[in-house]
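Engineer: test case, fold it:
(one chain, ligands or ions: 2)
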Amino acid sequence: MTGNNLAIIVLAAGQGTRMKSRLPKVLHPIGGRPLVGHVLTTAVRLEADHIEVVVRHERDQVVAALREDYPQAVFIDQDDVPGTGRAVQVAVDALPADFDGDVLVLSGDCPLADADTLRSFLEAHRAADAAATLMTAVVDDPNGYGRVIRDADGGVDRIVEQKDASAEEASVREINAGMYAFRIGVLRQYLPAVGVDNAQGEMYLTDVPGMLRRDGSRVAASVVSDVTVTYGVNDRAQLAEVGRLLNARIVRRWQLDGVTVIDPSTTWIDDDATLAPDVTILPNTHILRATVIAEGAIVGPDTTLVDCEVGADAIVRRTDATLAVIGAEATVGPFSFLRPGTVLGARGKIGAYVETKNAEIGEGSKVPHLSYVGDATIGRGVNLGASTITANYDDVNKHRTVVEDEVHTGSHTTLVAPVRLGAGAKTGAGAVVRKDVPAGALAMSVAPQRNIEGWVEKNRAGTGAADAAARERSAE
Ligand code: UD1
Ligand code: CA
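Structural biologist: Ligands and ions are numbered 1, 2, ... in the order given. This is a model prediction of the structure:
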C-alpha cells in the first residue's frame, strides 16, 4: 500500500433487522458479491494505510465471507455497546497510536459509493481543512435517514436522527449519507464523550458533528449531485433497487467499451465478469461471477452463464452453463445445460436438449440433439447421433467414456462406461455399447428386426389402426 495517511473504517456489525433474514444484511449479494464486498473493493482502490471492518452480528460468518478476498482488511469486534459511534470507537482504538491522518467512515450497507466519488470527497475534506466532513444529499423522500440541520449561515450545525427529530427537523430533505471523513484526533477526543441518551439508546456517530460545532470547530458538508451513490440497503425492496442501479452502471460501462446490450433492463452482469468489444448480449441474460466472453460472441436470449469462458464469435442461446468453456466459433443451444467441467472445442456444437458434465468435446465435434454426455472425452470431428447418451453411473461409481476422432454414433446409442470407441468407429441406431469398439468398426447390439404380419388386425380388431391397416392391405 502506498500510504496516504488514510484509514478506512467499514461498519458491518449491525444485524439488519429490517431485512428479516438469516443472512447478515451486509452479506446479501448484488452484482456477484456481498454488499460489504463492494464497499471493501472500493476501499482497496483508495489505497488506505489501514482498512478496518467492524463486526459483531454473526461475526464469524461475515469474516469467513470476506477474509480471503480482502486480505488487507483487519476485522475489529464491536462489544455490547450498540451504535455507529461505538463501532467507530472500537476501530479507532485498534489503529496504531501514532496514526495521524484522516479516517474515512463507510457503511457496509451502502455499496454504490465508487472510488472516484470517495476520492473527491476526501479531497474536499482536505481542501476545506475541516475537522469533519459529511457526505450529504438532497432527496425527495428523506424517510429513514438522519437529517442535516444547518445554522443561519448555512453551515452544518448538527445531524438529527429521524427517531429523535421534531416535525420541523423531519421535514428537512438534506440527509446524512452515512459516509464521513474525520481527522483522527477528533474521533479520539470526542467519541468517549458520546452518550446513549436518545430514542434508540445507542451511541450515535452522528452526535460528533454537533459536538464539534459547539466547540467552534469546522464541519464541512459535501453535497453529492448523484444521490444514488448514497443509497443504503435496509430492507429487501432497497436491496433490489440498489442491485438494479449497480447493474445499470456495470452494463453501461461495458456498452461504452464496445459491447452491444440489446436490453439493459433484463441483462444482469456481475462485477467480476469481463466482456470484449463486439460481444452482443441479447435480452434476459445473466453473465455471472468471473465469466469471460471473447470478441464477437453472441450470448442470449434467456441465457445464464456462471464462471464460464466463451470463445470469440461463439453463439450461445437459451443456455444454462456453469464452469464451462465454450470454444471459438462454437454454437450452444437452444435449451442446453452445461454443467461444470464441460469444455467444448472450437467450432463444436452442443444443441437442443443436451446436458453435459465433465466432458471434453473436441474441435468441430457435434452433440446436436437430446443427449447426455457426462465424464467423457470426445475427440475431434465426432458426431454423436440424436439421443446418444453416456451411461456413466453404475449406482456406485462414475466411469469415463472415451470417443476418439471422427467417430459417428447412430441415434439412440447408449455408451455404457467405462468404454472406448476407437477412431472413425460407428454405431448402429439404438446400439447399447458395453464393450470397446476398435478403430473403424461398426458396433451393432440390436437383434435383427422381425415383422409379424397381420398382428394389429388380429389383436386390435375394431381400432383405428386395424381399420387403416385393413384399408391399405385391401388396396394393395
Ligand atoms: C445511519 C445514520 C443516519 C444516516 C444513515 C445513512 C447513525 C446513528 N445514523 O442510520 O444518520 O442517514 O446511516 O445510511 O449513524 N452498525 C455497526 N454497529 C452498530 C450499529 C450499526 O457496525 O452498533 C453498522 C451497520 O451494520 C450498518 C451501518 O453501521 O452498516 C449503519 O447502521 P444502520 O443501523 O443501518 O444505520 P441507519 O439507521 O441506516
Ligand atoms: Ca442503513
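Engineer: C-alpha only now, for contacts and for neighbours.
Structural biologist: Fine.
Engineer: which stretches of the stretch 51-200 of the chain form strands?
Structural biologist: Using DSSP state E, counting those that start in this stretch, the strands of the stretch 51-200 of the chain run over residues 73-77, 102-107, 132-138, 147-150, 156-160, 174-183.
Engineer: turn those strands into JSON lines, including mean neighbour count, distance to ligand 1 and mean pLDDT.
Structural biologist: Converted to JSON lines, those look like this (neighbours: other Cα atoms under 10 Å; distance: least, Cα to the nearest ligand atom, whole Å; pLDDT from 0 to 100):
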{"stretch": "strand 73-77", "mean neighbour count": "21", "distance to ligand 1": "9", "mean pLDDT": "98"}
{"stretch": "strand 102-107", "mean neighbour count": "24", "distance to ligand 1": "4", "mean pLDDT": "98"}
{"stretch": "strand 132-138", "mean neighbour count": "24", "distance to ligand 1": "9", "mean pLDDT": "98"}
{"stretch": "strand 147-150", "mean neighbour count": "22", "distance to ligand 1": "7", "mean pLDDT": "98"}
{"stretch": "strand 156-160", "mean neighbour count": "22", "distance to ligand 1": "7", "mean pLDDT": "97"}
{"stretch": "strand 174-183", "mean neighbour count": "24", "distance to ligand 1": "4", "mean pLDDT": "98"}
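Engineer: in JSON lines, list those along with distance to A439.
Structural biologist: Shown next, in JSON lines, are the strands of the stretch 51-200 of the chain (distance: least, Cα to Cα, whole Å):
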{"stretch": "strand 73-77", "distance to A439": "59"}
{"stretch": "strand 102-107", "distance to A439": "65"}
{"stretch": "strand 132-138", "distance to A439": "73"}
{"stretch": "strand 147-150", "distance to A439": "79"}
{"stretch": "strand 156-160", "distance to A439": "81"}
{"stretch": "strand 174-183", "distance to A439": "70"}
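Engineer: which one of these lies closest to A417?
Structural biologist: Closest of those to A417 is strand 73-77, at 49.0 Å (criterion: Cα to Cα).
Engineer: show me what that closest one is packed up against.
Structural biologist: strand 50-55, helix 84-94 (3 or more Cα pairs under 8 Å, 6 or more residues apart in numbering; DSSP states H and E).
Engineer: not counting its neighbours along the chain, what's nearest S107?
Structural biologist: Leaving aside its sequence neighbours, S107 sits nearest to L11 (Cα to Cα, 6 or more residues apart in numbering; 4.8 Å).
Engineer: mind listing what the one you found touches?
Structural biologist: V53, V54, V55, T84, A87, V88, V105, L106, S107, G108 (Cα atoms under 8 Å, 6 or more residues apart in numbering).
Engineer: what does E52 give?
Structural biologist: Contacts for E52 (Cα under 8 Å, 6+ apart) come out as A7, I8, I9, V10, A73, V74, F75, I76, A91.
Engineer: ok, so of those residues, who is nearest P34?
Structural biologist: Nearest to P34 among the contacts of E52 is V10, at 13.5 Å by Cα to Cα.
Engineer: which residues does V223 bridge with?
Structural biologist: Beta-bridge pairing for V223 (DSSP bridges): T136.
Engineer: ok, which of the helices and strands packed on strand 73-77 comes nearest ligand 1?
Structural biologist: For ligand 1, the closest of these is helix 84-94, at 4.6 Å, according to Cα to the nearest ligand atom.
Engineer: give me the buried positions along the closest one.
Structural biologist: Buried residues in helix 84-94, defined by neighbour count with 16 or more other Cα atoms under 10 Å: T84, G85, R86, A87, V88, Q89, V90, A91, V92.
Engineer: outside of that helix, which residues touch it?
Structural biologist: Contact with helix 84-94 is made by 9, 11, 13, 52-54, 76-78, 105, 184, 187-188, 191-192, 194, 202-206, as judged by Cα under 8 Å, 6+ apart.
Engineer: and if we set it to 6 Å?
Structural biologist: Applying Cα atoms under 6 Å, 6 or more residues apart in numbering, the external contacts of helix 84-94 come out as Q78, M203, Y204, L205.
Engineer: out of those residues, which is nearest to ligand 1?
Structural biologist: Proximity of the contacts of helix 84-94 to ligand 1 (Cα to the nearest ligand atom) peaks at Y204, which lies at 4.2 Å.
Engineer: list the contacts for the closest one?
Structural biologist: With Cα under 6 Å, 6+ apart as the criterion, the residues that contact Y204 are G83, T84, G85.
Engineer: for G32, same thing?
Structural biologist: Contacts of G32 (Cα under 6 Å, 6+ apart): D270, R289.
Engineer: what does the stretch 351-476 of the chain put close to ligand 1?
Structural biologist: With Cα under 6 Å from any ligand atom as the criterion, the stretch 351-476 of the chain does not meet ligand 1 at any residue.
Engineer: next: the stretch 151-300 of the chain.
Structural biologist: Counting by Cα under 6 Å from any ligand atom, the stretch 151-300 of the chain sits next to ligand 1 at E161, I175, N176, A177, G178, Y204, L205, T206, G232.
Engineer: from those, pick the one nearest L35.
Structural biologist: Looking across those and measuring by Cα to Cα, the closest to L35 is G232, at 9.6 Å.
Engineer: burial measure for D69, as a count.
Structural biologist: Around D69 there are 12 other residues, counting by other Cα atoms under 10 Å.
Engineer: how close does it sit to E241?
Structural biologist: The span separating D69 from E241 equals 25 Å under the rule Cα to Cα, to the nearest Å.
Engineer: count of residues packed around D320?
Structural biologist: 23.
Engineer: in the stretch 251-400 of the chain, what residue comes closest to ligand 1?
Structural biologist: Residue nearest to ligand 1 within the stretch 251-400 of the chain: D271 (20.8 Å; Cα to the nearest ligand atom).
Engineer: since we're on that residue, how many residues are nearby?
Structural biologist: D271 has 21 nearby residues by other Cα under 10 Å.
Engineer: over to D215?
Structural biologist: Other residues within reach of D215 by the criterion other Cα under 10 Å amount to 8.
Engineer: ramachandran angles for it?
Structural biologist: D215 has phi and psi values of phi -90, psi 10 when expressed as degrees, to the nearest 10.
Engineer: mind listing the helices for the stretch 151-300 of the chain?
Structural biologist: Ranges of helices in the stretch 151-300 of the chain, per DSSP state H, counting those that start in this stretch, are 167-170, 184-190, 208-214, 236-256.
Engineer: send the alpha carbons of the shortest one over as PDB?
Structural biologist: Output in PDB follows, covering the C-alpha atoms of helix 167-170 (Å, rounded to 0.1, in the frame of the first residue of the first chain):
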ATOM      1  CA  ALA A 167     -41.700  17.600  12.900                       C
ATOM      2  CA  GLU A 168     -39.800  20.600  11.600                       C
ATOM      3  CA  GLU A 169     -36.500  18.800  11.600                       C
ATOM      4  CA  ALA A 170     -38.000  15.800  10.000                       C
END
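Engineer: count of neighbours near L205?
Structural biologist: L205 has 23 nearby residues by other Cα under 10 Å.
Engineer: if we ignore the residues flanking it in sequence, what's nearest it?
Structural biologist: Per Cα to Cα, 6+ apart, closest to L205 is G85, 3.7 Å.
Engineer: I figured V343 hits V325, correct?
Structural biologist: Yes. Counting by Cα atoms under 6 Å, V325 is a contact partner of V343 at 4.7 Å.
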